[in-house]
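Engineer: sequence first, predicted model second:
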Amino acid sequence: MSALGDTREAGGWAAGRAVAWLRARGDQIIVLVVLIAIWQVLSMMLGVYWVSSPWGVLQRFVTGIAGGDLLVQASYTFTEAIIGFLIGAIPAALLPFLLRRWPMAVAILDPVMVGGYGAPKLALAPLFILWFGIGIESKVALVAITVFFIVYFSALAGVRALDHKLVQMAQVLGANEHHVARHIVFPGAVPYIFTGLRIAMPYSIGGAVIAELISANRGLGYLVQLGAMNFDTTGIFTALAMTTCIVFIGNWSVDALERRLLRWRPVSDQKLQAEA
Amino acid sequence: MSTQDAALDLAEAAPVRWRRYGVLIGRVLLIALLLVLWKVGADIAGPLYAADPIKVFQRTVADVQSGTLLRHIYVTLRLSLIGFALACVAGVVLPFVLRRMPRLTAAVEPYIMASVGIPKYALIPLFILYFGIDDAPKLWLIGLLVFYPIFIAVFAGIRNVDRRLINMARVVGAGEFVIAREVIWNSLLPFFFAALKIALPRAISAAIIGEFLVGNEGLGFLIENSRQNFDTVGVFEGIAVATALVLVINALLVALDRRVNAWRPVERHMQL
Amino acid sequence: MNAPLLEVRDLAKRFVGRAGRDQPLWVIKDLTFSVADGEFLTIIGPSGAGKTTLLNMIAQIDVANGGEVIFQSQPAPISDPKALDPGLHCRIGYVTQEDNLLPWRTTLQNVLFPLEVQGRLNDETRKHADMLIRAVGLAGFENHYPHELSGGMRKRASLIRTLVYDPPVILMDEPFGALDAQTRTQLQEDLLRLWNLGRKTIVFVTHDIAEAIALGDRTLVLSRAPAKIAGEHVITIPRPRDIRGIMMHPDFAELYQRIRAQVQ
């Protein structure tokens, strides 16, 4: 086949893929339009009382941000989630490292950890409200305990996944225990810890919101309850939209941090992690 | 074998046995220690903040005898299982239906994935508004929380089916329905079970939290109502029973998984 | 003649059978040889003869079930798992079969790793590392991560990582085994060139008879399990060696035949 024929064939194949991609995007936009249209129709059929109109929600959302109130409430929820996240994640990530040299301790601890992981932590919400009141502390506590067990098991998997060949190599080169922990165990475990962080992130925001639903006077969960009590569905939808936004922001932050710290990963591993 | 060999063998085996007993004893001691700490903590913190474990135990026994605890458990379990069953059916059937419509699937997929980001629990007040204050809002909540992991798992499982098996089945003349039942379903069973282990405990959690906000029965009601009455013993009782319930169900699921998927290693830990 | 730098006497290693069902297998028994200072010793053995195990024991990664390893006239504690000192205080370098580069460090960071760990990182050692990187043709790849390098490049990085801190003895476990013929020849030449600069003592294990002859001053042949030294051959081909043309040398064919007969 002539050179010209080759390029034309290759070009045709590439063009085919581009067309397929465009077609998929087009379909998705159509679906989006259809969804919003259905929403609008429902709103008109059932009345704004039951289903607020897309436009109404958008308006309230924008004024909420511009006026600042929505952002302020969002910041309360976000703060509860972040603080709880850090308080839960940091000890959970460190514990497997500290216990690395004592596998017996890890084994002894295991039933307690598995029990804690499996127990419905959200059921503790009323207890924490009892202990800490309806302020920020009860929400932080709930988020922290939820995040702790998730990150613990991920970090444990990361420490267990240690490649002993690398440890031996480092020892031959003269590394002591401290070097091994810092240069071999820890970097190797970081990808696993990030899996745990990624899973825990939505739980942290969800936990904060749930605690707010039960009892609070600030935050997005509170706004949702307020909207429900005042039969203000627009308020509910706006708060929900905002909550979804901060979940996305949270996920994006963890992903961005992970991409920055894990540049060394082979690309196929990165893709697998992203899909996990 | 020579005596030297025998001695070497013994030297290598001894630490392992020792370790196993040590772990068992350690675990028992740890549980005992936690119970002691609980008692001490309760004494220090006072009856308002922490319930004495002995009192919690007594109350649990009394409630079992009077039947109220069993009623609460029944209510919560029934709710969870109904919601679970409904969502499970939807979560399993939908991917099979979508499988035959790849263009629709590609168009809808990003929105489904985006909707995963909406915290479902935040929808409870909306559900209460729409569906009243009976079981319905709770069922919707449970349904949503169960639907997503099942749907995603079955969907991914179907995608991952070995095409060659499907082709082989077509070659020997199997119709679409038979292919779905024989090849696809069996291939995705492990994925499905992994999702089950996530979804069933979630269903119970969802029922409990729904009961925090709505209704007058169930473990969640027990916990929250006790809190509002400053009945700390009741709060602890509810939490303890709820935890035990979830752990038992998870153990049952692990055992079931082991039987059904005997050829695959079982993930012992619960996944979220 | 000085005392040999490294001596191995009656070394023995066994693998325990599973759960006491199989008989324990003596992988190495009565293995004795010595290495002189500045010598390039090659060891040939069929796969599974315990070559890696032997090097592991000398490097003190694995415990021995009998015999002695004497380094610089001092016996090393090889039978006590708790007393093992991998690398014998950085005096025994070990280039393993897998490159074992740290995936989260760049090439340069990997090469500098032993210096960091030994507290010897300074301008002079950094310059030495740069020189080695250039010597094996990795210039320009200092800031690449291992997954961005080819197999041959990773091998080179792993090689100079050991060379950078100058241990008196270097053990090498089939370092070029997984590479294609071209890269292998290139690396063999690089290795000999670098060895010439410092005349280190090298113990190089391989299953390739031609490689053993091309590189070594002396070649030992390992028998099958339980492995011991089946034969010793002095390589009479003078240095500097021409790797690409080694097979043309008059002594090559006879050496090859003799060694091959013993390997069977």
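Structural biologist: Yep, that arrived. Numbering: from 1, shown residues only, chains lettered A, B, ... in the order given.
Engineer: let me see the domain layout of chain A.
Structural biologist: A:1-49, A:52-275 (automatic domain parsing).
Engineer: A:L213 against B:K120, yeah?
Structural biologist: No: the criterion here is C-beta atoms under 8 Å, and A:L213 misses it with B:K120 at 11.7 Å. In short, each C-beta sits where N, CA and C put it, glycine included.
Engineer: just the residues contacting stretch C:241-250, thanks.
Structural biologist: Applying C-beta atoms under 8 Å, 6 or more residues apart in numbering or on different chains, the contact partners of stretch C:241-250 are C:T185, C:Q188, C:E189, C:L192, C:A210, C:I213, C:A214, C:L215, C:I237, C:F252, C:A253.
Engineer: just the buried residues of it, please?
Structural biologist: C:R241, C:I243, C:I246, C:H249 (16 or more other C-beta atoms under 10 Å in any protein chain shown).
Engineer: redo the residues you listed as JSON lines? Include secondary structure.
Structural biologist: JSON lines is the format used below for the buried residues of stretch C:241-250 (DSSP: H, G, I helix; E, B strand; the rest coil):
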{"residue": "C:R241", "secondary structure": "coil"}
{"residue": "C:I243", "secondary structure": "coil"}
{"residue": "C:I246", "secondary structure": "helix"}
{"residue": "C:H249", "secondary structure": "coil"}
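Engineer: now the top helix by length along chain A: how far from the chain's centre is it?
Structural biologist: Assignment by DSSP state H gives helix A:3-46 as the longest helix of chain A. How far helix A:3-46 lies from its chain's middle: 29 Å, per C-alpha atoms, centre = their mean, to the nearest Å.
Engineer: helices and strands around the helix or strand where B:F177 lies, which ones?
Structural biologist: Using DSSP states H and E, the element containing B:F177 is helix B:176-179. Contacts defined by 3 or more C-beta pairs under 8 Å, 6 or more residues apart in numbering or on different chains; DSSP states H and E place helix B:176-179 against helix B:163-171.
Engineer: and for stretch A:14-29, what are the contacting residues?
Structural biologist: B:R103, B:A106, B:A107, B:P110, B:Y111.
Engineer: ugh, wrong one, stretch C:182-193
Structural biologist: With C-beta under 8 Å, 6+ apart as the criterion, stretch C:182-193 contacts C:135-137, C:151-152, C:155-156, C:159, C:175-176, C:179, C:211, C:214-215, C:240-241, C:243-244.
Engineer: which of those residues fall in helices?
Structural biologist: C:A135, C:G151, C:G152, C:K155, C:R156, C:L159, C:E211, C:A214, C:L215.
Engineer: most neighbours, which of the residues you listed?
Structural biologist: C:R156 (28 neighbours; other C-beta atoms under 10 Å in any protein chain shown).
Engineer: quick check: phi and psi at the residue nearest to that residue when sequence neighbours are not counted.
Structural biologist: Closest residue in space to C:R156, ignoring its immediate chain neighbours: C:V136 at 4.2 Å, by C-beta to C-beta, 6 or more residues apart in numbering or on different chains. Note on C:V136: its backbone torsions stand at phi -100, psi 10 [degrees, to the nearest 10].
Engineer: residues near C:V136, how many?
Structural biologist: 21.
Engineer: which residues does it contact?
Structural biologist: C:V136 makes contact with C:R156, C:L159, C:I160, C:L187, C:D190, C:L194 under the criterion C-beta under 8 Å, 6+ apart.
Engineer: if we can go back for a sec, same list (the contacts of stretch A:14-29) but as TSV, adding distance to chain A.
Structural biologist: Below are these laid out as TSV (distance: C-beta to the nearest C-beta, whole Å):
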residue	distance to chain A
B:R103	6
B:A106	5
B:A107	4
B:P110	6
B:Y111	6
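Engineer: let me know the closest of those to A:S53.
Structural biologist: Looking at the contacts of stretch A:14-29 and their distance to A:S53, the nearest is B:Y111, at 19.5 Å (C-beta to C-beta).
Engineer: the closest one: how many residues sit nearby?
Structural biologist: Residues near B:Y111, counting by other C-beta under 10 Å: 12.
Engineer: dump the residue contacts of it.
Structural biologist: Counted by C-beta under 8 Å, 6+ apart, B:Y111 has contacts A:Q28, A:V31, A:L32, A:L35.
Engineer: show the pLDDT at the residue nearest to the third one when sequence neighbours are not counted.
Structural biologist: Nearest-residue entry for A:L32: B:Y111, 7.3 Å, with adjacent residues in sequence omitted and distances by C-beta to C-beta, 6+ apart. Among the per-residue scores, B:Y111 shows a pLDDT of 87.
Engineer: in the host helix or strand of B:Y111, what's buried?
Structural biologist: In this structure, B:Y111 sits in helix B:102-115 according to DSSP H and E. For helix B:102-115, the neighbour count (16+ other C-beta under 10 Å) marks B:T105, B:A106, B:A107, B:V108 as buried.
Engineer: does chain A sit close to the following helix or strand past it?
Structural biologist: Using DSSP H and E, the helix or strand that follows helix B:102-115 towards the C-terminus is helix B:124-131. Yes: counting by C-beta under 8 Å from any C-beta of the partner chain, chain A has neighbours in helix B:124-131: B:I124, B:P125, B:L126, B:I128, B:L129, B:Y130.
Engineer: not counting residues beside it along the chain, what's closest to the residue nearest the centre of chain B?
Structural biologist: For chain B, the residue sitting closest to the mean C-alpha position, by C-alpha atoms, centre = their mean, is B:P201 at 2.1 Å. Leaving aside its chain neighbours, B:P201 sits nearest to B:V246 (4.9 Å; criterion: C-beta to C-beta, 6+ apart).
Engineer: same check on C:V35?
Structural biologist: C:L6 (4.4 Å).
Engineer: the one you found touches C:I58, doesn't it?
Structural biologist: Yes: taking C-beta under 8 Å as the definition, C:L6 is a contact partner of C:I58 at 7.2 Å.
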